[in-house]
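> after the sequence you'll find the predicted model.
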Amino acid sequence: MRLRNRHGRPVDPVPFFVVVGLAFMILLSFGPLYGQALGLRLETAITLSTALFVVAGVGAYYWQVWTARPAGTNVPAAVRGERLFYLILVLVALVIVLSLPFVL
């Protein structure tokens, strides 16, 4: 799939798909459970989680595809690797924190 920014230049689609996949995983895994814990019906909680996922997907598209400037981003591999490591730690911490109310 060839994604293009607002200037028509090709953009790497992988970061966009990773963000959308993680948003799908987190919002549709934990969203209905938290919705039910807050007293919503299951159908309402799933609908709300899906709506939040769509908003997150549109936001990710705007941020990582539509307004991307691929020609001006030359980040060294060491810096990208360090950022990835910290983002993985943040994601693991987020999943643990989201799971705590269901364990305790």
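Everything's here; your move. Numbers count the residues shown, from 1 in each chain.
> how does the chain divide into domains?
3-73, 77-104 (automatic domain parsing).
> can you say which of these is packed in most?
When the domains of the chain are scored by mean count of other Cβ atoms under 10 Å, the highest mean neighbour count falls to domain 3-73 (a mean of 14). Using the backbone N, CA and C atoms, a C-beta is placed for each residue, glycine as well.
> with mean pLDDT added, can I get the domains of the chain in TSV?
Conversion of the domains of the chain to TSV gives the following (pLDDT from 0 to 100):
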stretch	mean pLDDT
domain 3-73	89
domain 77-104	86
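> where does the residue lying closest to residue 50 once chain neighbours are set aside land in three-state SS?
For residue 50, the nearest residue in space outside its immediate sequence neighbours is residue 28; the separation is 7.1 Å by Cβ to Cβ, 6 or more residues apart in numbering. With DSSP: H, G, I helix; E, B strand; the rest coil as the basis, the three-state label of residue 28 is helix.
> is it true that residue 28 touches residue 48?
No. Contact criterion Cβ atoms under 8 Å: residue 28 and residue 48 do not qualify, at 10.6 Å.
> show me where this protein has helices.
Under the criterion DSSP state H, helices of the chain are mapped to 14-37, 42-61, 77-103.
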